[in-house]
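Engineer: Kindly generate the corresponding structure for this input.
(2 chains)
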Amino acid sequence: MIQQIQLKGRVQGGAALDFLTVEVPAEPDRYIPFALVRYSIEGKPQEECLRLDLDKRTFADHFSDPVQERVLYDAARQIAEIVVEALRRSTYERLRKEFDG
Amino acid sequence: MTFTATLCQKTAIMSRYFKGAGVGTYWHLRDAMVSGFTAASAATPANVTVMKDHIVYQLVQNSPYISLTRSYEVAEADARYYGKTLPTPTNVAFVYELNIPDSTAASLLDPVQELATSLGTPFAALFYQHDGGPDLLLGLIDSANFGNVLTRPIRSAGISTGRPPRITDELHALVRALRDAEVLALHAISRSCLISKHKVA
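Structural biologist: Take a look at the predicted model:
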């Protein structure tokens, strides 16, 4: 299962880059430290995602433009924080169901 | 008889490696079963700084190293969830399986050993050890549930210093390499080492 989280307006873009959504694997019995980030360049959504390692808090994909690369570097930490918060909420809700149910 | 069988099995397992190739990634678009593996930048000098950049900052395009793993499960997670799009039944990801018997087939480096030997002595001013709490490693290996320990202000002699723990690239790299059961090949891996290419949908 894949959990999709909206990023629009929550993550600082720049240099023509905007971050739209992040897709996170949600497997009940394991933690997968990866996420795929959908983004746009000059407002045009891109077909391929950017690969984010949630533990490393860095992207596996890079831009040759150093300004865009800087935007990517800063966004990695912001997006990882957003994902971590969502994952913790899911864990909390799952545990609450387990103990209340 | 059992002892011999166990020994043979151990020998077989010892040289087995895997590499995940998510949809749209370099080794998904190219068939390593035909060409073998080559590093993205064989011309880049191999050293510990480049190794840290490869592991922690994922600067693979400037790297003379090729990441492999001892774990099929790690490679499968890479293939399934670390492509540029998710795999589908009509556009599958792959896990390459390799057998690298000795250094004539490929030059292999254990990043943990390489990083460890590059670290200073306990007398060095620049040390790789963290100065956070005893739960700090939990934050590094499970940031989803324990990420708060990476930003929590550390205490010194009973008072809060107001700053988060010091985590070096060296510590990051050691933990990440262990997480991924990672082994690095230098420059290239001959196609003769490739055994099979498993589909992951």
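Engineer: host element of the closest residue to B:Lys84 other than its chain neighbours?
Structural biologist: Among residues not flanking B:Lys84 along the chain, B:Gly24 sits closest, at 3.3 Å (CB to CB, 6 or more residues apart in numbering or on different chains). Just so you know, the C-beta spots here come from the backbone N, C-alpha and C atoms, and that holds for glycine as well. Per DSSP states H and E: B:Gly24 is located in neither a helix nor a strand.
Engineer: neighbours of B:Gly24, just the number please.
Structural biologist: Using other CB atoms under 10 Å in any protein chain shown, B:Gly24 is surrounded by 18 other residues.
Engineer: Would you mind naming what in chain B lies close to chain A?
Structural biologist: B:22, B:24, B:56-61, B:77-78, B:80-86, B:140-145, B:147, B:172, B:176, B:179 (CB under 8 Å from any CB of the partner chain).
Engineer: Show the buried residues in those residues.
Structural biologist: B:22, B:24, B:56-60, B:77-78, B:80-86, B:140-144, B:147, B:172, B:176, B:179 (16 or more other CB atoms under 10 Å in any protein chain shown).
Engineer: Centre-most residue in chain A?
Structural biologist: By CA atoms, centre = their mean, the mean C-alpha position of chain A lies nearest to A:Val22, the distance being 4.0 Å.
Engineer: list the contacts for that residue?
Structural biologist: A:4-5, A:7, A:35-38, A:52, A:79, A:82-83 (CB atoms under 8 Å, 6 or more residues apart in numbering or on different chains).
Engineer: could these go into CSV alongside distance to chain B?
Structural biologist: Shown next, in CSV, are the contacts of A:Val22 (distance: CB to the nearest CB, whole Å):
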residue, distance to chain B
A:Gln4, 11
A:Ile5, 13
A:Leu7, 17
A:Ala35, 8
A:Leu36, 7
A:Val37, 11
A:Arg38, 10
A:Leu52, 9
A:Ile79, 12
A:Ile82, 11
A:Val83, 8
